[in-house]
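**Q** A structural model of the following input is requested.
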Amino acid sequence: MDRGKCISGLRMEEDIYLSINKESSGFYKEKGSKFLAFAFPVESTEDIKAKIDGLRKEYHDARHYCYAYILGPDQSTFRTNDDGEPKHSAGDPILNQIKSLNLSDTLVVVLRYFGGTKLGIPGLINAYRTAALDALKNNKIIKKTICDEIDIFFAYEAMNNVMRLIRAYDIKILYQYFTDTCHLQLSVRKSLSNTFRHKLESIKSIMISEK
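**A** Coordinates of the predicted model:
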């Protein structure tokens, strides 16, 4: 299983969700209109804005720049934009394709070059939906892991016990600083978090601080 990137500080029952791992593209043509679709893995609204601005600059002659995105393991943050197309004819069909694959941290932008013939709302829905799905099918779905981020402080004499536990649970070290009092910042998979904490607490001199 691809562990993906850990997302800190979340409280959920499940610690795995799906996303995409690269940029990909798709295409659809109908009655002269061309629909160029692009799918991106994203992690923030700033990241999304940069991707859209980049497409607007590169494909400056496109008529519309419609998009949808979903962020977060619980898919709680999402948005659509029809960019001048009839309401719900572009952004919603794109969003529904992301949802159909149960993806998050995913942005899909579909650019339209108008071909001179109106497609009508059903035609637009089909075009944006088909182009978006084509871009997503040309990508790879990965599993991302939800993690808790914790800081631990301990006496140097406890180093061997702490490191042995970190190796046993395959814990990722984000930051480390060693003096007489040692400090480690750790990313711990959500499903292992409670068990790992209990094991840490059995080590003398350990102090645990959660983000």
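**Q** list the helices and strands the helix of greatest length in the chain packs on?
**A** In the chain, assigned by DSSP state H, the helix with the most residues is helix 120-137. Judged by 3 or more C-beta pairs under 8 Å, 6 or more residues apart in numbering; DSSP states H and E, helix 120-137 is in contact with strand 24-30, strand 33-41, helix 91-100, strand 106-113. C-beta: built from backbone N, CA, C; applies to glycine.
**Q** most tightly surrounded among the ones you listed?
**A** strand 106-113 (a mean of 25; mean count of other C-beta atoms under 10 Å).
**Q** contacts for that strand?
**A** 19-20, 33-42, 48, 51-52, 55, 59, 61-70, 85, 90, 94, 97-98, 127-128, 131-132, 135-136 (C-beta atoms under 8 Å, 6 or more residues apart in numbering).
**Q** now do it, average pLDDT.
**A** For strand 106-113, mean pLDDT is 97.
**Q** and the helices in the chain?
**A** 45-58, 91-100, 120-137, 159-168, 193-201.
**Q** show me the one of those that comes nearest Gln185.
**A** Closest to Gln185 of these, according to C-beta to C-beta: helix 159-168, at 11.8 Å.
**Q** what is that closest one packed up against?
**A** strand 181-189, helix 193-201.
**Q** now for the spatially most central residue of the chain: which residues touch it?
**A** By C-alpha atoms, centre = their mean, the chain has its centre lying nearest to Asp105, at 2.3 Å. Asp105 makes contact with Ser19, Ile20, Pro41, Val42, Glu43, Ile70, Leu71, Gly72, Lys144, according to C-beta under 8 Å, 6+ apart.
**Q** alright, calling it a day.
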